[in-house]
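S.K.: Sequence and computational prediction follow.
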Amino acid sequence: MASKRRISYHWRLLIPIATLMAAVVGCLVWYQLHREARVRKELCLNELELIQNRIIYAKQRDENPRSFLQFISKFYRNSLYEDVRISVYGSSGQLIYSQGEPLPRGLTVKQFEDYKKGKYKPDESVHESIDDVMYFTTVESQDGDITVMTALPKTEDLLLATGMDSGRWIIITLLMSIAIIITYFFTRTLTRSVSMLSEFASKAAQGVKNESEYNFPHNELGDISRQIVKLYTERERAFDQINRERKVAMHAIEERISTTRQITNNVNHEIKTPVGIIKGYLETIIGNPDMDEESRNRFLSRMQVNVDRLCNLLNDISTMTRLENGSGKIPLERVDMHDLIYQIENDLLASGLAGDMNFSYSVPFDCNVKGNYGLITGMLNGLIKNAANYSGGTEIGFRLVSESDRFYVFSFYDNGKGVGEEHLAHLFERFYRVDTGRSRQKGGTGLGLPIVKSTVLSLGGTISVHNRSTGGLEFIFTIPRWE
């Protein structure tokens, strides 16, 4: 008897795999189609609910919803929502506003869904009104004052956007065909390995021992599998690391852009004030050539004050920029804080920077920090000037609070009136003023304390501020020790 023709191992492997793949792809396509339909429906309903909520919000703010409806009509022109129908009913059931054909009052979402499923038969008028509607939502304001109903009628564009076009089926069929072809060549490659194993089995039956050949198919595939998993894991980790670093970099860039924009706006505002005053005085002097000498000198004196204020502002901006952009390039040296504060005390007697306030300090000899003599001097002078102008006290003090292996902790304080607790968190912000009018009268630029903070940070320290229990402000800051 002639032996039956056997189906080759290649086809016995290909047919089940292709059948299983077709079944899996079919299930995935079916699931994806239903999922996409559900997602598209949710997107449409969310858009309708957004319109409803905006109308209710406008009503609560006593705004005229009609203007919003006009905006909706223009906004959704030439889009899927161009034919959106909107009806607004009052608490007594009267129609207040409507765009498109009014929707039936009292119709609920459940009734609409039941109607689409054939479980609900409304009146003829309701049937005619909602027969061509594809999506429908309704919501009532919290106070029950109005009810907003929205609906999207069936249109060719909407059906096309929410349906499955023939082009996708062609792509799916094409991809499926390609997958089967690839599977064909893949299984044929696998059968080559089976042929090699069959050849080895024949040799083994003949008593030919070759452990390397015996182990080759098994060990080779195992090694490849382990290498693939290892390479894939390392690749994923590398991608995750790249994405994390990218997000951090993007966040830093966005923060810098936002900060730069804010600084630009603040600088523009601060510069406009003195420039406007100077311009006003100049126009007055030019427009009045017969002005008496006393008035002219008074105007020129006020112009000089505002010019000085503008110069101080530009100098402070320059200092801030240098500290923030060049903190890594600041030359650091050994600074003896006792000698520095002693020199500041002597300079105060000549400069009068502290005004009528008394200055005292308590810093031991050989208190050496890792800093910059000019920056620390400027920072302390800024704190002294701030206390003299705004504290309203009589005493200013500077002392060493504590020390560690790495840092010295210093305190700068006054016995003035302090500031409100709500202002403490903002004192180091650029152009922040507790009392705007008084600050400008004193010639303040709004950058004194931000420069102090930037100086401390550029030297590798930290700074904080709080109100003293006995009155006044106290600044606590650290500076690294000289090693």
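M.R.: Noted; the coordinates are in hand.
S.K.: alpha carbons only for contacts and neighbour counts from here, please
M.R.: Will do.
S.K.: What segments of the stretch 301-450 of the chain are strands?
M.R.: Using DSSP state E, counting those that start in this stretch, the strands of the stretch 301-450 of the chain run over 333-336, 358-362, 368-371, 395-403, 407-414.
S.K.: any chance of those in CSV, plus mean pLDDT, distance to residue 124 and mean neighbour count?
M.R.: Shown next, in CSV, are the strands of the stretch 301-450 of the chain (pLDDT from 0 to 100; distance: least, CA to CA, whole Å; neighbours: other CA atoms under 10 Å):
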stretch, mean pLDDT, distance to residue 124, mean neighbour count
strand 333-336, 91, 92, 17
strand 358-362, 92, 92, 15
strand 368-371, 91, 87, 22
strand 395-403, 93, 87, 18
strand 407-414, 94, 83, 21
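S.K.: Same list, those strands, but as a markdown table with distance to residue 379 please.
M.R.: Shown next, in a markdown table, are those (distance: least, CA to CA, whole Å):
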| stretch | distance to residue 379 |
| --- | --- |
| strand 333-336 | 14 |
| strand 358-362 | 16 |
| strand 368-371 | 12 |
| strand 395-403 | 13 |
| strand 407-414 | 11 |
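S.K.: Which among those is found nearest to residue 253?
M.R.: Comparison of the strands of the stretch 301-450 of the chain against residue 253 by CA to CA identifies strand 368-371 as nearest, at 28.9 Å.
S.K.: Starting from residue 139, give me the distance back to residue 289.
M.R.: In this view, residue 289 and residue 139 are 71 Å apart by CA to CA, to the nearest Å.
S.K.: same thing with residue 367?
M.R.: Computed as CA to CA, the residue 367 to residue 139 distance reads 72 Å.
S.K.: more neighbours, residue 289 and residue 139?
M.R.: When residue 289 and residue 139 are compared for neighbours, residue 139 comes out ahead with 18 against 9, by other CA atoms under 10 Å.
S.K.: The more buried one looks like it's in a helix, true?
M.R.: No. The assignment for residue 139 by DSSP: H, G, I helix; E, B strand; the rest coil gives strand, which leaves it out of any helix.
S.K.: OK, contacts around it?
M.R.: Shown in contact with residue 139 (CA atoms under 8 Å, 6 or more residues apart in numbering): 49, 52, 147, 148, 149.
S.K.: among those residues, which are in helices?
M.R.: Using DSSP state H, the members of these that fall in helices are 49, 52.
S.K.: quick one: which of the contacts of residue 139 is nearest to residue 416?
M.R.: Taking the contacts of residue 139 together and measuring to residue 416 by CA to CA, the closest member is residue 52, at 55.7 Å.
S.K.: Wait, the closest one touches residue 148, no?
M.R.: Yes. With contacts counted by CA atoms under 8 Å, residue 52 reaches residue 148, the gap being 5.8 Å.
S.K.: on that earlier part again, quick one: closest of the strands of the stretch 301-450 of the chain to residue 17.
M.R.: Shortest distance between residue 17 and the strands of the stretch 301-450 of the chain, using CA to CA, is found for strand 407-414: 70.2 Å.
S.K.: I'd like to know which elements that closest one is packed against.
M.R.: If you count contacts as 3 or more CA pairs under 8 Å, 6 or more residues apart in numbering; DSSP states H and E, strand 407-414 packs onto strand 395-403, strand 473-480.
S.K.: Compare those and give me the one nearest residue 39.
M.R.: Distance to residue 39, taken as CA to CA, is lowest for strand 473-480 among the helices and strands packed on strand 407-414, at 55.7 Å.
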